[in-house]
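# Sequence and predicted structure below; questions after.
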Amino acid sequence: MDALAAEAGITKPILYRHFGDRAGLASAIADRFASELERELLTSVARVTDDTRELLVVVIDAFVAYIERDAALYRFLVQRSNVDVVDVSDFLARLSNYIAAGIGESLRNAGRDSGGAEVIARGVVSFVYAAGDWWVDHQTMPRSRLVAYMADFLTEGFNGQWGSPE
């Protein structure tokens, strides 16, 4: 808190008055991070045609690029020691709801049962979140390759046809 107050050019009591404590500050940072990421994801969705794979690529890439941009901040917000301070479940639920609406609409337009849209959306969001979270720490491949693998898997599933030949 001392370093933050000094960086902001204010006194520590002013910082505490505004945020309350470290948890309040972390929560404010998390809210801003989530709002900006949500805005970027919604902007990326708006640019896409009806091509499902293209939509997946754009959204997955927007997510991974965003967390890659400031990996230290991302790690601070999601690391285990901050679980009680920063809860990402509300953010992931909001993303799942957006995606469920799109999946449901696509299924209905195709004349298929849309009853599983929410379950599928939660799985997709969890998959992308977990893979992106792992990749930020490991980066065993370029971001574009990670995005392609995830988009291929999500469009092709377990049928053995996903993944581009090397």
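Received it, and whenever you're ready, just let me know what you need. Numbering: from 1, shown residues only.
# what pLDDT does residue 150 get?
Looking at residue 150, its pLDDT reads 94.
# hang on, it packs against residue 59?
No. With contact defined as Cβ atoms under 8 Å, residue 150 and residue 59 do not form a contacting pair (10.1 Å). From N, CA and C alone the C-beta is placed, and that goes for glycine too.
# Mutual contacts of the two, please.
Common neighbours of residue 150 and residue 59 (criterion: Cβ atoms under 8 Å, 6 or more residues apart in numbering): residue 128.
# Tell me which residue is most central in this protein.
residue 63 (4.9 Å; Cα atoms, centre = their mean).
# quick check: longest helix of this structure.
helix 22-46 (DSSP state H).
# which residues touch that one?
Helix 22-46 is contacted by residues 1, 4, 15, 19, 55, 58-59, 61-63, 66-67, 73-74, 76-77, 82, 84-86, 88, 91, 94-95, 98, 102 when judged by Cβ under 8 Å, 6+ apart.
# Contacts only, for residue 137.
Applying Cβ under 8 Å, 6+ apart to residue 137 gives the contacts residue 75.
# Look at it and give its secondary structure.
Under DSSP: H, G, I helix; E, B strand; the rest coil, the three-state class of residue 137 is helix.
# Ok, residue 65 next?
Residue 65 ends up helix, using three-state DSSP.
# Leaving out chain neighbours, which residue sits closest to it?
residue 143 (6.7 Å; Cβ to Cβ, 6 or more residues apart in numbering).
# How are the strands of the chain distributed by residue range?
Taking DSSP state E as the criterion, the chain contains no strands.
# which stretches of it have low pLDDT?
Along the chain, the parts satisfying pLDDT under 70 run over 48-49, 79-86, 160-166.
# just the helices in it please.
Assigned by DSSP H, the helices in the chain fall at 2-8, 12-19, 22-46, 52-69, 71-78, 89-109, 117-138, 143-156.
# Could you list every helix and strand in contact with the second one?
It stands for helix 12-19. Applying 3 or more Cβ pairs under 8 Å, 6 or more residues apart in numbering; DSSP states H and E, one finds that helix 12-19 contacts helix 2-8, helix 22-46.
# Can you check what angle separates it from helix 22-46?
For helix 12-19 against helix 22-46, the angle by axes from the mean of the first three to the mean of the last three Cα atoms, to 10 degrees is 50 degrees.
# ok, the closest residue to residue 135 other than its chain neighbours - contacts?
Nearest in space to residue 135, with sequence neighbours left out and distances taken as Cβ to Cβ, 6+ apart, is residue 146 at 5.3 Å. Residue 146 is in contact with 64, 131-132, 135, counting by Cβ under 8 Å, 6+ apart.
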